[in-house]
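J.: A predicted structure for the sequence below; I have some questions about it.
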Amino acid sequence: MKKGTKLPEFLTNSGNLELAKLLISLAEGCKQIGRFVNNAAITGITGSTGTTNVQGEAVQKLDELSNNILMDYLRASETCAGYLSEETEGIFTLNPQGKYTVAVDPLDGSSNIDVVAPIGTIFSINERISGHGEVNEKDFLQTGRATKAAGYVVYGSSTILVLTLGQGVFGFTLGTDDLEFYLSHPDIKTPAHGKIYSINQGNGVKFDEPVKNFLTYCTTIDNETSRPYSLRYIGSMVGDLHRNLLKGGIFIYPANKGTTKGKLRLLYECIPMSFIIEQAGGQATDGCQHILDIKPEELHERSAIYIGSRDMVNKAMEFLKC
Ligand code: AHM
Ligand code: MG
């Protein structure tokens, strides 16, 4: 499909009208979120609600608003059966006859809202296995290999929706005049090798030795592999991964010392991002296995993640020796 194609046309040509309907609603919801993000400092919706979410993290006013917007738009899609969000503990049935479930991080990197740094929405779509009626947890607890579509929207210097339906990765930039998403990045492929590593190195004292050794590798001089690599870390997974997807690089959020789990959530952060990066020719692991092969056991389960350019993730794996 050629550059400039509008998102609805791209989706309706994909041959799956139910999924297209869902994604068009989701994209409309993201446009609304983008509007609120852009105007937040004027309308006074910056800052926290004073409450914490199911993960014990401070809920920003825009987190809550974004969650409500997505639920409303996905309910209106008629084809989204069920909804899981970082912001709510349980699952919701939105359309009992719908075919798909959606897991979302409505506003990722929300600690960056008040400082105009890139933030975003991440989503993953499954085909439900329960048929019809109320959705259940099994609909959501499928491995990443079963993912039907995944994507993210970055609200940054421009707004871009990056999407995969399992046949390549496509980026759609939001036109500010007519508020339409236009295909701007057809068939994105991530470089096999990059020069960027992204990690919260301030947490270094909490990393296990293999992770520390890999970071030493990243910062050692070697002309052949363009080392030392540059450290780039926004603290917003969508922003960091979007840059690395286009330029090449590795993004790491390792497990905490002595555990196998990191900070990021499997169903609505790690799996969708891994599905996208694999579709773009990169790879993603938790240090032991491909993220997409992990069998999720809990809705808000966390995972360590090493994701990005194929050669760089392979090199990290050599250090981890799981
Ligand atoms: P959030 O979903 O509550 O915004 O948290 C996830 C974010 C990611 O976007 C980012 O990569 C990570 O948390 C940053 O964490 P840290 O501040 O520990 O480096
Ligand atoms: Mg997040």
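T.: Received, thanks. Ligands and ions are numbered 1, 2, ... in the order given.

J.: ok, now which ones touch the residue in the chain that ligand 2 sits nearest to?
T.: Per C-beta to the ion, Asp108 is where the chain lies closest to ligand 2, at 3.5 Å. C-betas here are computed from N, CA, C, even on glycine. Residues counted as contacts of Asp108 (C-beta atoms under 8 Å, 6 or more residues apart in numbering) are 119-122, 152, 236-238, 269.

J.: interface residues of the stretch 51-200 of the chain facing ligand 2?
T.: 105, 108 (C-beta under 5 Å from the ion).

J.: in the protein, which helix has the most residues?
T.: The single longest helix within the chain, with elements called by DSSP state H, is helix 17-43.

J.: For it, name the packing helices and strands.
T.: Applying 3 or more C-beta pairs under 8 Å, 6 or more residues apart in numbering; DSSP states H and E, one finds that helix 17-43 contacts helix 7-12, helix 61-76, strand 80-85, strand 100-108, strand 119-127, strand 149-155, strand 159-164, strand 169-174.

J.: could I get these as JSON lines with mean pLDDT and distance to ligand 1?
T.: Output for the helices and strands packed on helix 17-43, formatted as JSON lines (pLDDT from 0 to 100; distance: least, C-beta to the nearest ligand atom, whole Å):
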{"stretch": "helix 7-12", "mean pLDDT": "98", "distance to ligand 1": "24"}
{"stretch": "helix 61-76", "mean pLDDT": "96", "distance to ligand 1": "8"}
{"stretch": "strand 80-85", "mean pLDDT": "98", "distance to ligand 1": "11"}
{"stretch": "strand 100-108", "mean pLDDT": "97", "distance to ligand 1": "5"}
{"stretch": "strand 119-127", "mean pLDDT": "98", "distance to ligand 1": "8"}
{"stretch": "strand 149-155", "mean pLDDT": "98", "distance to ligand 1": "10"}
{"stretch": "strand 159-164", "mean pLDDT": "98", "distance to ligand 1": "15"}
{"stretch": "strand 169-174", "mean pLDDT": "98", "distance to ligand 1": "19"}
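
J.: and stretch 149-157, which residues are buried?
T.: 149-156 (16 or more other C-beta atoms under 10 Å).

J.: which SS class is Ser14?
T.: Ser14 carries the three-state label coil when classified by DSSP: H, G, I helix; E, B strand; the rest coil.

J.: got any ranges where this protein has weak pLDDT?
T.: Judged against pLDDT under 70, the chain has no low-scoring part.

J.: the domain parsing of it - what is it?
T.: 7-185, 196-320 (automatic domain parsing).

J.: what's the first-to-last distance across the shortest one?
T.: Separation of the first and last residues of domain 196-320 by C-alpha to C-alpha, to the nearest Å is 19 Å.

J.: Report whether it contacts ligand 1.
T.: Yes: Domain 196-320 lies within reach of ligand 1 by C-beta under 6 Å from any ligand atom, at 200, 235-237, 263.

J.: before we move on, back to that, how far does the longest helix of the chain sit from its chain's centre?
T.: From the chain centre to the centre of helix 17-43 is a distance of 15 Å (C-alpha atoms, centre = their mean, to the nearest Å).

J.: Where do the strands of the stretch 201-322 of the chain begin and end?
T.: Under the criterion DSSP state E, counting those that start in this stretch, the stretch 201-322 of the chain contains strands at 230-231, 250-253, 283-285, 305-308.

J.: on that earlier part again, pull out the buried residues from the longest helix of the chain.
T.: 19-31, 33-34, 36-37, 40.

J.: again, but for stretch 166-177
T.: Buried residues in stretch 166-177 (16+ other C-beta under 10 Å): 169-172, 174.

J.: any idea how far Asp286 is from Arg302?
T.: Distance of Arg302 to Asp286, given as C-beta to C-beta, to the nearest Å: 10 Å.

J.: Need the overlap of contacts for the two.
T.: What both Arg302 and Asp286 touch, as defined by C-beta under 8 Å, 6+ apart, is the set Gly262.

J.: So these two - more neighbours on which side?
T.: For Arg302 versus Asp286, neighbours defined as other C-beta atoms under 10 Å are more numerous around Asp286 (25 against 21).
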